[in-house]
Structures are given as structure tokens and as C-alpha cells.
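Novice: Sequence unavailable; structure follows:
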């Protein structure tokens, strides 16, 4: 009976432990400063863990980068300067929102291109179908065919 | 025309499959699973002034790193560095110039490590707070940078240097830098 409770307690401890690990204690000079800190932290990818931003990651490097962001913020640097500072060291990779340049053109506009291509394909298909429908002779059955259809329908209703 | 359209999805699939397969294979052949291109390539080694691990009075700066050389980021807390260490010892014995950056470590542990496991480093920079590591874009240990005769970073290797990595990757790059310097 006590066992499951123990496990639950242990689980809770682990969860709380892992959450608190990602929280550093920073003193911000203003509420606005704090918001900027979290906004930048959310936009920078942790180089070690790759699919977490540095605000969410427990990796030591993420903690170092958070400290660095804090230092630069306190230093009076702009958001852009701080992100550029990180990019100069860790590469474009640290940006969750990649800069628009020649290397990222496909990344930015690739989906749009595919969307347009899809729309174009649908338009072409619909047009073609309309054309086929318009040029096709009106669906009329020859007398023999009509007779055969009637027979079949009659047979069907008799079977029911 | 119709035929061509019908096999188009197959073609797209094959192109995509080929792309993914080649990325997978290149990862397999590559040495680490997460090798990010460093933005510091072909740029000068970041400037710094830090104490030597073995003698705190001695200050080391970027001007002291004379390439071509390896700059190896290591720490006593780094298990993989222990695996790498014997290889570095062998390379140093063969005349490869290796500088060490003791990254976020304490010097007492580092000195003991160098005594116990032999010291392959011509200089050992004590980067206790990880400042230099940050300027280098280090995000773990071990990492190894190749610098040329001008002190520019020419290559970054992430992970453990073992015999295979040296033979298939780093040796040729190091040799090329030496030939370039002559």
C-alpha cells in the first residue's frame, strides 16, 4: 500500500527537481527587462540539446548561455545584438527563427512554394476537367442502350 | 504527358528518399552525431588572457598559440576526455602540437590529472568560468580546434579523438596545415 505512494513521491520529487534545475535566480532591474530575457531565451536554441530552447533546457551549456544573455542585457545591449553575439559563437543554428538570407531562402519560402504549386495543380486539374466536360457530347443513350438500362432496372426492382 | 504526370509522385519520393538516405549515411560515416558547423571557421582564434593551469602566475594569450596545432577542450569531469587522453599522449609523442583548454574545471583536479595521465599539452589554459569556451562556441567536452600558422581556426571537431578519427579525418587536415605553412 505504501509502495505506490513512495513511487509517487519519488516521481513528484524528480519532476520538481528537473523543473527547478532550469530556473536560475536573476535579479532584473525592471519587469520589462525580465520579459526581454525570457523572450530571448525562448528564441535561442540550446546547442547541446538541439530541440529545446535555452530557457527550457537543463543542460549546463544552456545555463551558461542564460547567464550570458543576462549579462548582455544588464550591459544594455539590444535584443538583436544579443542574438548576433550568440550566432557569432554558435552559428545560425542557435536561432529558432532563422535570419532571412541566401542560405535560408528555401527554408522561408519553400513551404509557400509548395503551397502555390499545389494550388496551381488543383486549378489546372479543375480547368481541364471543366474543358473535358464541356467538350464531351451530352450524355445521351442510344435507344438500344436505353432499353437495356430499363431492363436492368426493372430486373433489379423485381429482385428486391 | 499523362504517363509523365503519373510517375511524378514516384520521382519526388525517390528524390526525397535519396536525400534522406544520403544524410543518414553521411552521419554514419561522420564522426559525431551532432556536428554543427562552427561560425568561427577561417576566423582568428578569439582573444583571451588566462592563467596557465600548471602555473597560475603565467598568463597565456591567443598570441602564445602557435599553429599549426590542435587546441583541445578538456576537463576532469569529462568522461570522454579520459578516453581521448591516451590518443593525445601518443600524438604529442609523435610531434603533434597540442594546446589544452581546461574548461570549467578546477586547477587542482586538472594538475592531478596531468600528473596521473601524462601531459600531452604544450600549454594548458585555465578557463575556469568558461569565458573562452563561450567565445569559441564550445558546448561540451571534448572538442578540438585546428588552428593554422596564422592562428586562424580552420576546423572544429566535436567528440572523442580516437585512432580512427585521427587517421581518417584529422591527420590529413593537420598535415595540410603544416604543408601550407612551409
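Specialist: Received it, and whenever you're ready, just let me know what you need. These numbers come from a predicted model, not from an experiment.
Novice: which secondary structure elements does the helix or strand hosting residue B:7 contact?
Specialist: For residue B:7, the element it lies in under DSSP states H and E is helix B:2-29. On a contact count with 3 or more CB pairs under 8 Å, 6 or more residues apart in numbering or on different chains; DSSP states H and E, helix B:2-29 meets no helix or strand. To be clear about C-beta, it is placed using only N, CA and C from the backbone, and glycine gets the same treatment.
Novice: How far off centre is it?
Specialist: Distance of helix B:2-29 from its chain centroid, counting by CA atoms, centre = their mean, to the nearest Å, is 33 Å.
Novice: likewise stretch A:67-82?
Specialist: Worked out by CA atoms, centre = their mean, stretch A:67-82 lies 27 Å from the chain centre.
Novice: what do you get for stretch A:86-101?
Specialist: Put simply, stretch A:86-101 sits 18 Å off its chain's centre (CA atoms, centre = their mean).
Novice: What lies in contact with it?
Specialist: Residues from elsewhere that reach stretch A:86-101 (CB atoms under 8 Å, 6 or more residues apart in numbering or on different chains): A:42-45, A:47, A:53, A:65, A:68-69, A:83, A:103-104, A:107-108, B:36-40, B:134-137, B:139.
Novice: try it again with 6 Å
Specialist: For stretch A:86-101, contacts defined as CB atoms under 6 Å, 6 or more residues apart in numbering or on different chains pick out A:43, A:44, A:45, A:47, A:104, A:107, A:108, B:36, B:37, B:39, B:137.
Novice: Write a ChimeraX command that selects only the buried members of these.
Specialist: Remark: buried members of those, expressed as a ChimeraX selection using 16 or more other CB atoms under 10 Å in any protein chain shown:
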select /A:43,44,45,47 /B:36,39,137
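Novice: And residue A:48, its phi and psi?
Specialist: Main-chain dihedrals, residue A:48, degrees, to the nearest 10: phi -80, psi -40.
Novice: Ok, residue A:146 next?
Specialist: Per degrees, to the nearest 10, the backbone of residue A:146 is at phi -60, psi -40.
Novice: Any idea how many residues pack against it?
Specialist: The local packing of residue A:146 (other CB atoms under 10 Å in any protein chain shown) involves 11 other residues.
Novice: now residue A:65
Specialist: Applying other CB under 10 Å, we find 28 residues neighbouring residue A:65.
Novice: now swap in residue B:79 and tell me
Specialist: Look at residue B:79: counted by other CB under 10 Å, it has 10 neighbours.
Novice: Could you list the low-pLDDT ranges of chain B?
Specialist: Chain B contains residues with pLDDT under 70 at B:1, B:26-36.
Novice: rewinding a little: given the next helix or strand after the helix holding residue B:7, what are its sheet partners and their directions?
Specialist: Where DSSP H and E defines the elements, the next helix or strand beyond helix B:2-29 is strand B:49-51. Sheet pairing for strand B:49-51, assigned by DSSP bridges, gives strand B:59-61 (antiparallel).
Novice: so residue B:149 makes contact with residue B:181?
Specialist: Yes. Applying CB atoms under 6 Å, one finds residue B:149 in contact with residue B:181, separated by 3.8 Å.
Novice: which one of these two has more residues nearby?
Specialist: Taking other CB under 10 Å, residue B:149 and residue B:181 do not tie; residue B:149 has more neighbours (14 against 11).
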